[in-house]
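Asks: The sequence and its predicted three-dimensional model are supplied below.
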Amino acid sequence: MSEVKSPLPTVKEDSEISLSFKLELMDGTLIEEASREAPMRFKLGQGEFLDKIEELLVGLELGTTAKLTLSPDRAFGRSNPDNIHKMPRDSFSAELPPEKGLVIGFNTPTGQEIPGTILEVNEETVTVDFNHPLADTDVRFTATIEAIHD
């Protein structure tokens, strides 16, 4: 028997695609989405999307909808206690005083911005968790390949 090839284009490791998607917590809380009318366009392998999710898109045909439940290891990772730091309270601006639960963007020495969640505030220090805010979380990812621009 010969292998039947699909006439539809498929996503490759270096494809540029347009993707409509929903990323939700398991209880249905929406984290992020891109609609069919305004899909997210990006090139795989450029770091614009989660690497582990990009891997799951490779091989899908144009028009395919994938519904995936992702464990923390496939989504935003596991918490690392080494990513929790105490910072001097006076290093925070008066315009945006630190408050427990607040997520703030911090600049790294390389110029990247990473989110930090404030865990605790006292008179002298602020404890900040630099793990991804969705670390240790199972998520539901539903995506449709709207276009392949190769």
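Replies: That came through fine.

Asks: Please parse the chain into its domains.
Replies: Per the record's domain assignment (automatic domain parsing), the chain is made up of the domains 16-76+135-148, 81-129.

Asks: Reformat the ones you listed as a markdown table; add mean neighbour count and distance to P7.
Replies: The C-beta positions use only the backbone N, C-alpha and C, and glycine is treated the same way. Below are these laid out as a markdown table (neighbours: other C-beta atoms under 10 Å; distance: least, C-beta to C-beta, whole Å):
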| stretch | mean neighbour count | distance to P7 |
| --- | --- | --- |
| domain 16-76+135-148 | 15 | 9 |
| domain 81-129 | 12 | 42 |
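
Asks: got the ones you listed as JSON lines, with mean pLDDT columns?
Replies: Conversion of those to JSON lines gives the following (pLDDT from 0 to 100):
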{"stretch": "domain 16-76+135-148", "mean pLDDT": "93"}
{"stretch": "domain 81-129", "mean pLDDT": "92"}
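
Asks: which stretch among those domains comes nearest T10?
Replies: Comparing those by their distance to T10 (C-beta to C-beta), the top pick is domain 16-76+135-148, with 5.2 Å.

Asks: Ends of the closest one, what's the gap?
Replies: Start and end residues of domain 16-76+135-148 are separated by 6 Å (C-alpha to C-alpha, to the nearest Å).
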